[in-house]
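# The following comprises the amino acid sequence and a computationally predicted model.
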Amino acid sequence: MRLGYHLPIWYIIPIMMYDEMMIAPMRRELTELGIQETRTPEDVERIMQDAKGTTLMVVNSVCGCAAANARPGVAFALQHGKKPDQALTVFAGNDKEATAKARSYMVGYQPSSPSIALFKDGELVFMLERYQIAGRDAEDIGKELMSALEEHA
């Protein structure tokens, strides 16, 4: 039976948006800081379901205009100030379901890559969206995140 329309192949067969070899160094920039990589919705849920204290959530991405300074900004903050009780990251574009699950906790904000969220006892208390990251240097991003950690950690 023919339905009269054809679905594009990308709709039928899920594919990765970016080559894993290309993004591996971008993933490592965060995991080497001790940030836990979450690649499935279940990974995200496991961390977030009973989150106590502060939880840092980084939506990582390839975007050169913002992500190139977001990751070093996170590193700057974690090396110079208070640290969250737990931290996780998802990679937008490749870990789509995990990213969607992570974004489901960012109530009131449009999807944004990269983005950095801070939760206190599971409640969103701080958010940096892409438009607040793009065009800024890593130190400025890091200092803003440090201030949020100082206030909430």
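Nice, I can see it. Predicted model, so just to flag it, every value in this text is computed and none were measured.
# Now do the helices in the protein.
Counting by DSSP state H, the chain has these helices, from start to end: 9-12, 20-31, 41-48, 67-80, 96-103, 130-133, 138-152.
# can you put these in TSV and add mean neighbour count, mean pLDDT and distance to Leu88?
Backbone N, C-alpha and C define where each C-beta goes, glycine included. Below are those laid out as TSV (neighbours: other C-beta atoms under 10 Å; pLDDT from 0 to 100; distance: least, C-beta to C-beta, whole Å):
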stretch	mean neighbour count	mean pLDDT	distance to Leu88
helix 9-12	8	48	27
helix 20-31	14	93	9
helix 41-48	17	97	5
helix 67-80	22	95	12
helix 96-103	20	97	8
helix 130-133	18	96	18
helix 138-152	18	97	15
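# Quick check: bridge partners of the spatially most central residue of the chain?
Nearest to the geometric centre of the chain sits Val59, at 1.4 Å (C-alpha atoms, centre = their mean). Here Val59 sits in beta bridges with Val90, Ser115, as judged by DSSP bridges.
# give me every residue that touches it.
Counting by C-beta atoms under 8 Å, 6 or more residues apart in numbering, Val59 makes contact with 89-90, 92, 99, 102-103, 112-117.
# With Leu88 instead?
So Leu88 contacts 35-38, 43-44, 47-48, 55-58, 102 (C-beta under 8 Å, 6+ apart).
# let's go with 10 Å and repeat that
By C-beta atoms under 10 Å, 6 or more residues apart in numbering, the contact set of Leu88 is 30, 35-38, 43-44, 46-48, 51, 55-58, 98, 102.
# Ok, Lys143 next?
73, 76-77, 80-81, 136-137.
# quick one: the closest residue in space to Gln36 that isn't next to it in sequence from Asp19, how far?
Ranked by C-beta to C-beta, 6 or more residues apart in numbering and with sequence neighbours excluded, the top spatial neighbour of Gln36 is Leu88, at 4.8 Å. Distance of Leu88 to Asp19, computed by C-beta to C-beta, to the nearest Å: 23 Å.
# Same question for Met146.
In terms of C-beta to C-beta, Met146 sits 33 Å off from Asp19.
# do the same with Thr38
Taken as C-beta to C-beta, the span from Thr38 to Asp19 is 20 Å.
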